[in-house]
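> Predicted coordinates and the sequence they were generated for:
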Amino acid sequence: MTADHTIVALSTPTGIGAIGVIRLSGKDAIHIANAVFAGKDLTKQESHTLHFGLIKDGDVVIDEVVVSLFVAPKSYTKENVVEISCHGSNFIIQQIISLLIRKGAHAAKPGEFTLRAFLNGSLDLSQAEAVADLIASDSQAAHQVAMNQLRGGFSNELNELREQLIHFASMIELELDFAEEDVEFANRDQLQALITRIKVVISKLIRSFELGNVIKQGINTVIAGRPNAGKSTLLNALLNEERAIVSSIAGTTRDTIEELLNINGINFRMIDTAGIREAQDAIEVIGVEKTMEKISQSALLVYLFDAAELSVSEILSDIARLQKPGVPFVAVANKMDLVAQDAFSLALPEGVQFISISAKEKSHIEDLKDLLYEVAVGDQLTENHTMVTNIRHVEALQRTQEALAQVEQGVVNPVTSDFLAMDIKQALHYLGEITGQVTTDDLLENIFSKFCIGK
């Protein structure tokens, strides 16, 4: 995979705006920009400087611009980079890009700037993927996780493990050179201890994906319950706006309603569903089926019930029907403004969190938000906590675990050094796939094709 030509693309969002930023990267970036720039001679200017002037196509002035210079290797891509800040007219932007292409630049592919940053050693592969996550982050937590990965938190942890494995692999390779002497340079007990430590770290990283993925995508939180339990009223109270239709008529909600709720920097995808009961018509049948489908896909289930109407046996029956293994469950007693506090008591199954509220009066809504955050996130999210958010990384970690299990088996039931070395190399290969020490063109194409053009 070569990157000899100079590329160009718009790096700001398309559409009319105050400013558009056009980026060039490549060995000829400064010369190409200089050929259309009326102002200072850009080829003679220092790196990290700004220059005001005109972009001209022959004698025709296209725009007044500010040009930013980043001379290799002091740039994002470690190549010569020029950024042209022009007025944000689509016509002006297209005129400038077309002119730069006529002068020798090539239109950039999605993610090509970041691909060059990776190929030139500015970022490793997991950091490059974090760039896309950072751009897509729409909550404080998603931003924090992406920034930690971009700064190399994930890479540093993996590289430390990889270096220790490389040390043992080299010692075992040395044994192969002295096969006739039957000597061991790699201490098997120390290798066993290292494998145990690595497996603990990898298991922790794999487990972190469950939280990391929901932080990245948002936590699917389904509000379920019987008709007239107050689900739509609760959704409105949580959002602090009249988003869902509220009626005393049972079965008003026929389809699911989804809205984002941000709690302490975490996005919860709140899903209001049709009431669960024996459907009265064909449309309600579809609504109830959709409710059960959403429940099966939920990462957090909020079961809302009318504390003034349902008996304890009915509540427990609903919970038994709705509770799924591994899915956090919050039982919420609603309409507590109609119930004497000392008249309501409920012994809930293990793993079910409980809170009482009045959605209509907006009583204890903030307490419910705190409980949702505690159940979904707890204290797992800290500034320096390494978290996996990418399914590719999880799969590579799982394959690493399998390879390490083979190494461990070869230590416990001794095999020859060449077999042991082969299994360690396999583990190193999978770890290397995450950070990019091991790559293929197909892998890079798959990753960077998902980036936006201009990044």
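Noted; the coordinates are in hand. On a predicted model such as this, the values are computed, not experimentally measured, just so you know.

> Low-confidence regions, the protein specifically.
1-3, 138, 175-186, 242-256, 277-288, 340-345, 379-385, 417 (pLDDT under 70).

> Neighbours of the closest residue in space to residue 215 that isn't next to it in sequence, how many?
Spatial nearest neighbour of residue 215, chain neighbours left out: residue 141 (4.7 Å); criterion: Cβ to Cβ, 6 or more residues apart in numbering. C-betas here are computed from N, CA, C, even on glycine. Neighbours of residue 141 under the rule other Cβ atoms under 10 Å: 24.

> how much space is there between residue 141 and residue 262?
Look at residue 141 and residue 262: by Cβ to Cβ, to the nearest Å, they are 9 Å apart.

> Same check on residue 386?
Distance from residue 386 to residue 262, by Cβ to Cβ: 23 Å.

> Please identify which of the two sits among more neighbours.
Per other Cβ under 10 Å, whichever of residue 386 and residue 262 has more neighbours is residue 386, with 19 against 14.

> and that one, that's in a helix?
No - counting by DSSP: H, G, I helix; E, B strand; the rest coil, residue 386 falls outside a helix, being coil.

> you'd agree it is up against residue 205?
Yes - between residue 386 and residue 205 there is a contact at 6.8 Å, judged by Cβ atoms under 8 Å.

> got any residues that touch both of these two?
Common contact partners of residue 386 and residue 205 (Cβ atoms under 8 Å, 6 or more residues apart in numbering): residue 157.

> okay, how far is it across stretch 70-83, tip to tip?
8 Å (Cα to Cα, to the nearest Å).

> Please point out which parts of that stretch sit buried.
For stretch 70-83, burial by neighbour count (16 or more other Cβ atoms under 10 Å) applies to 70, 71, 72, 75, 76, 77, 78, 79, 80, 81, 82, 83.

> host element of residue 432?
helix 417-435 (DSSP states H and E).

> Run through who's touching that helix.
In contact with helix 417-435 (Cβ under 8 Å, 6+ apart) are residues 124-126, 154-155, 158-159, 161-162, 165-166, 168-169, 172-173, 175-176, 179, 392-393, 396-397, 399-400, 403-404, 406-407, 410-411, 437-439, 443.

> And stretch 24-31, by the same measure?
Contacts of stretch 24-31 (Cβ under 8 Å, 6+ apart): 3-8, 32-33, 42-43, 69, 71-72, 75-77, 79-84, 100, 104-105, 108, 113, 116.

> try 7 Å
5-8, 32-33, 42-43, 69, 77, 79-82, 100, 104-105, 113, 116 (Cβ atoms under 7 Å, 6 or more residues apart in numbering).

> what's the next secondary structure element after the top helix by length along the chain?
Ranked by residue count, the top helix of the chain under DSSP state H comes out as helix 188-217. Next helix or strand after helix 188-217 toward the C-terminus (DSSP H and E): strand 219-224.

> Looking at strand pairing, list the partners for residue 52.
residue 66 (DSSP bridges).

> before we move on, the earlier item: who are the packing partners of the longest helix of the chain?
If you count contacts as 3 or more Cβ pairs under 7 Å, 6 or more residues apart in numbering; DSSP states H and E, helix 188-217 packs onto helix 140-150, helix 153-177, helix 391-412.

> in this structure, which residue is closest to the centre?
The chain has residue 216 as the residue nearest its centroid, 3.7 Å off, counting by Cα atoms, centre = their mean.

> Give me the phi and psi angles of the closest residue to it other than its chain neighbours.
Leaving aside its chain neighbours, residue 216 sits nearest to residue 389 (4.4 Å; criterion: Cβ to Cβ, 6+ apart). The phi/psi pair for residue 389 (degrees, to the nearest 10) reads phi -120, psi 0.

> Hmm, residue 389 is touching residue 211, no?
No - with contacts counted by Cβ atoms under 7 Å, residue 389 stays clear of residue 211, the gap being 9.1 Å.

> And this structure, split by domain according to the record?
7-123, 131-213+390-436, 220-376 (automatic domain parsing).

> returning to that earlier point: and the gap between the residue nearest to residue 216 and residue 143?
Taking Cβ to Cβ, one finds residue 389 at 12 Å from residue 143.

> quick one, which of these two is more surrounded?
residue 389 (23 against 16).

> quick one: contacts for the more buried one?
So residue 389 contacts 133, 145, 212, 213, 215, 216 (Cβ under 7 Å, 6+ apart).

> What strand or helix carries the first one?
It stands for residue 133. Using DSSP H and E, residue 133 falls in helix 125-136.

> Same question for residue 353.
Residue-wise, residue 353 maps onto strand 352-356 under DSSP H and E.

> Could you tell me which residues within that strand count as buried?
Buried-residue list, strand 352-356, by 16+ other Cβ under 10 Å: 352, 355, 356.

> Identify the residues contacting residue 7.
Residue 7 neighbours (Cβ under 7 Å, 6+ apart): 24, 25, 26, 105, 106, 108, 112.

> Pull out the buried positions in stretch 50-60.
Those would be 51, 55, for stretch 50-60 by 16+ other Cβ under 10 Å.

> Alpha carbons of it, as PDB, please.
The C-alpha trace of stretch 50-60 is given here as PDB (Å, rounded to 0.1, in the frame of the first residue of the first chain):
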ATOM      1  CA  LEU A  50      -0.800  31.100   9.000                       C
ATOM      2  CA  HIS A  51      -0.900  33.100   5.800                       C
ATOM      3  CA  PHE A  52      -3.600  35.400   4.400                       C
ATOM      4  CA  GLY A  53      -4.100  35.700   0.600                       C
ATOM      5  CA  LEU A  54      -6.200  34.800  -2.400                       C
ATOM      6  CA  ILE A  55      -6.900  31.600  -4.200                       C
ATOM      7  CA  LYS A  56      -6.800  32.400  -7.900                       C
ATOM      8  CA  ASP A  57      -7.500  30.300 -11.000                       C
ATOM      9  CA  GLY A  58      -5.300  32.200 -13.400                       C
ATOM     10  CA  ASP A  59      -6.600  35.800 -13.200                       C
ATOM     11  CA  VAL A  60      -9.900  34.800 -11.600                       C
END
